[in-house]
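Trainee: Sequence below, structure please.
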Amino acid sequence: MNADVQQYLSAADRENTVRSYAAAIRHFEVDWKGLLPATIDTVARYLAEHAAVYKISTLRLHLAALARWHADNGFADPTRSALVLKVLRGIRARHATPQRRARPLQLDVLEQASDWLMRARDSALEGGRRVQALRHGRDRSLLLLGFWRAFRADELANMRIEEVQAVRGQSLTCRPGRTKTSHEDDDRAFRCPALSRLCPVDAFLDWIELSGRTTGPVYPGIDRWGNISRNHMASQAVLPLLRRILKEAGVLEADTYSSHSLRRGFAGWATANGWDLKELMEHVGWRDVNSALRYIDAPQDAVKAKIERALASSGRLPD
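Mentor: This next block holds a predicted model:
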């Protein structure tokens, strides 16, 4: 095969995916002593023997790696057989664990944290404490844009200034940084309007003006001397940063929030304010209904009202 063609084919596979698949195949062949190409019975036995060891998501990853190996080498895929799929369903039913859901960041908590960051930034500027001012400005922008656009941690961490257009008093348009779930043809732009309060547009422009930059990561690291890194903030750094913001702002039980709390908080706020599922999916960028539903809770007041109406109309619960 032509070297140039091979180069682009190789680039099509995500580096992390390639590593994960290689590790899964190595586990199957070397650690478990499985033979490739594999039979349907062998794959089913492999799943059964690891059902109590690995999470269902890990087993799915190993199946995907096996499927890729068989496809790449011209063999029939045993992972899609009825037997293997039935074994996987049985494992999921028997070893299912409740999925922990992120605590949603409510609007009053968002406002408490935003107001504290703004006061702390202004106080730091007046006192000549530039490092603190930079951090508070960055953190407030990340908090507000992360909430109103329901971005994930990796989308925020990988965002670049060059991919953002913002006009004060109007709107902000951005393209989140490429992430592990991005597709090569995924070049969607997301818009966020200027708001009368808790405005993500003003917070972004204030932060960029304060940092004095026109290129580079939107949310970089800042060292103790106020040097702004040229590199993106690690996506894993968003969680401790969010918890630190909330704790310093006086939010109770700050450690119970996660990096998904921004997305889940916005989804809950939007649902409570009458957004339908289609509107919410379009705003956030969800393409799968199940992905959206994981972030939505029915407001308990609405649930109670529906139950009370049913009780009032029927007089008693049905047998």
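
Trainee: Sketch out the strands for this structure, chain order is fine.
Mentor: Along the chain, the segments classed as strands by DSSP state E run 164-167, 171-174, 190-193, 220-222, 228-232.

Trainee: got TSV for those strands, with mean neighbour count too?
Mentor: No exception for glycine: its C-beta is placed from N, CA and C like everyone else's. Converted to TSV, those look like this (neighbours: other CB atoms under 10 Å):
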stretch	mean neighbour count
strand 164-167	16
strand 171-174	19
strand 190-193	15
strand 220-222	18
strand 228-232	14
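
Trainee: how about the ones you listed, which one is nearest residue 124?
Mentor: Minimum separation from residue 124 across the strands of the chain (CB to CB) falls at strand 220-222, 12.4 Å.

Trainee: Sheet-wise, list the partners of that closest one with their directions.
Mentor: According to DSSP bridges, strand 220-222 forms sheet pairs with strand 228-232 (antiparallel).

Trainee: how far is the partner strand from where the chain is centred?
Mentor: Between the centre of strand 228-232 and the centre of its chain there are 21 Å (CA atoms, centre = their mean, to the nearest Å).

Trainee: one step back: among the strands of the chain, which is nearest residue 254?
Mentor: Among these, strand 220-222 sits nearest to residue 254 (CB to CB), with 20.8 Å.

Trainee: Pull the residues that contact that closest one.
Mentor: Residues outside strand 220-222 that contact it (CB atoms under 8 Å, 6 or more residues apart in numbering): 131, 134-135, 138, 228-233, 237.

Trainee: Closest one of the residues you listed to residue 53?
Mentor: For the contacts of strand 220-222, the residue nearest residue 53 by CB to CB is residue 237; the value is 30.6 Å.

Trainee: Tell me how the protein divides into domains.
Mentor: As given by automatic domain parsing, the domain ranges for the chain are 3-94, 107-293.

Trainee: just those domains: most buried one?
Mentor: domain 107-293 (a mean of 17; mean count of other CB atoms under 10 Å).

Trainee: Quick check: end-to-end length of it?
Mentor: Using CA to CA, to the nearest Å, one end of domain 107-293 lies 20 Å from the other.

Trainee: Over to stretch 29-44?
Mentor: End to end - CA to CA - stretch 29-44 spans 15 Å.

Trainee: now it: mean pLDDT?
Mentor: What stretch 29-44 shows for mean pLDDT is 93.

Trainee: what does that stretch contact?
Mentor: Contacts of stretch 29-44 (CB under 8 Å, 6+ apart): 25, 28, 46, 49, 63, 66, 69-70, 73, 75-76, 78-79, 81, 83-84, 87.

Trainee: Distance to residue 101 added to the domains of the chain, as TSV?
Mentor: TSV is the format used below for the domains of the chain (distance: least, CB to CB, whole Å):
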stretch	distance to residue 101
domain 3-94	16
domain 107-293	7
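
Trainee: Among the contacts of stretch 29-44, which lie within helices?
Mentor: Using DSSP state H, the subset of those located in helices is 25, 46, 49, 63, 66, 69-70, 83-84, 87.

Trainee: Farthest-apart pair in those, please.
Mentor: Farthest pair in the ones in helices among the contacts of stretch 29-44, by CB to CB: 25 and 83, 20.9 Å.

Trainee: Near the residue lying closest to residue 264 once chain neighbours are set aside, how many residues? Count them for me, please.
Mentor: Spatially, and ignoring its direct neighbours in sequence, residue 264 is nearest to residue 104 (4.3 Å; CB to CB, 6 or more residues apart in numbering). The number of residues packed near residue 104 is 21, by other CB atoms under 10 Å.
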